[in-house]
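> Next comes the sequence, and after it the predicted model I'd like to discuss.
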Amino acid sequence: MKVSKIMTRNPVITHPELSLTDARSLMDKEKISHIPVLNKNNELVGLITRADLLKAGPSPATSLDMYEISYLLSKLTVEKIMEKKVITVQENEVVEEAARIMADNGIGCLPVLNGSLLTGIITDTDIFHFFINAYGARHKGIRITVNFKEKRGQLAAFAGALAERGGNIVAFVTSEGDDVAHRRATFKITEISRAAVEEAAGIIDGAEIEDIRE
């Protein structure tokens with residue numbers, strides 16, 4: 001799936017001249033934690049996060065009172081603390097690559113571009129929702145994880161056995177097994193009993209049920 005399918009389109013944006021006080025108010029109002037920063041030509045020049053705002057605030061040990069703190073933050077602009085070297089993705093990038101980039105760089109979002117134009121933003125929350133949908137977590141049914149031998153026809157045989165018993169696969173995810181000779185697959189299946197799912201797995205040569213639950 002492409003990033004464009006799960007990103008937030010037309011995200012809330014700000015400009016470098018905005019004060020930190022106003023940036024914090026904007027995040028609170030919109031209930032967001034990341035804001036792309038655009039210049040007057042609508043070019044992406046930075047990214048500011050709630051974590052950046054917290055870092056820019058005074059230490060808890062400060063002797064300043066709340067009014068002095070508010071005054072100082074109102075004079076400090078987004079441009080002074082924003083991340084200028086922003087990691088981005090194009091909107092035709094695949095979701096798993098966006099997730100890898102975020103994980104490898106320890107970041108919680110990626111502005112999404114079409115060429116050089118900002119068209120959206122993808123966050124760790126969007127990735128979580130994608131993960132939920134990929135595993136069919138919102139569907140009632142039988143969830144089974146099976147370790148298959150790494151050879152042709154294993155998945156097709158299991159899918160056929162489920163279909164013969166009236167089962168409907170609503171989600172399917174594979175990952176590497178514990179060794180190179182096996183592959184782990186997780187299914188969410190509806191319109192079938194647990195016993196029938198176990199029976200279908202049992203007729204596949206070498207398949208081992210790792211987990212099954214309703």
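Noted; the coordinates are in hand. Numbers count the residues shown, from 1 in each chain.

> Shouldn't D178 be within a strand?
No - read with DSSP: H, G, I helix; E, B strand; the rest coil, D178 is coil and lies in no strand.

> ok, it - contacts?
N147, R184 (C-beta atoms under 8 Å, 6 or more residues apart in numbering). Heads up, the C-betas are built off the backbone N, CA and C, glycines and all.

> same question, V112
Each residue near V112 by C-beta under 8 Å, 6+ apart is listed here: V3, S4, M7, T88, V89, Q90, E91, L118, T119, G120, I121, I122.

> Beta-bridge partners for it, please?
V89, G120 (DSSP bridges).

> Next, work out how far apart it and S193 are.
The gap separating V112 from S193 is 43 Å, by C-beta to C-beta, to the nearest Å.

> and if you look at R143?
According to C-beta to C-beta, R143 and S193 sit 14 Å apart.

> Could you tell me which residues touch both of the two?
The contact sets of R143 and S193 do not overlap (C-beta under 8 Å, 6+ apart).

> Would you mind telling me which of these two has the busier surroundings?
Shown here are R143 and S193; by other C-beta atoms under 10 Å, R143 has more neighbours (20 against 14).

> in what helix or strand does the closest residue to N39 other than its chain neighbours lie?
Closest residue to N39 apart from its sequence neighbours, by C-beta to C-beta, 6 or more residues apart in numbering: V45 at 4.9 Å. Using DSSP states H and E, V45 falls within strand 44-49.

> how about L54, phi and psi?
phi -70, psi -40 (degrees, to the nearest 10).

> And the contacts of V112, which of them are buried?
V3, S4, M7, T88, V89, E91, L118, T119, G120, I121, I122 (16 or more other C-beta atoms under 10 Å).

> Of those, which is the nearest to G153?
V3 (32.9 Å; C-beta to C-beta).

> What distance do you get for the closest one to K40?
Remark: distance between V3 and K40 (C-beta to C-beta) = 27 Å.

> returning to that earlier point: report pLDDT for the residue nearest to N39.
V45 carries a pLDDT value of 97.

> ok, it - contacts?
P16, V37, L38, N39, M82, K84.

> Which helix or strand contains the most centrally placed residue in the chain?
Centroid-nearest residue in the chain, with C-alpha atoms, centre = their mean: I127, separated by 1.3 Å. Assigning secondary structure by DSSP H and E places I127 in helix 124-134.

> Show me what the very next helix or strand once past that helix is packed against.
Later in the chain than helix 124-134, the nearest helix or strand by DSSP H and E is strand 142-149. The elements that strand 142-149 packs onto, with contact taken as 3 or more C-beta pairs under 8 Å, 6 or more residues apart in numbering; DSSP states H and E, are helix 154-164, strand 182-190, helix 194-202, strand 208-213.
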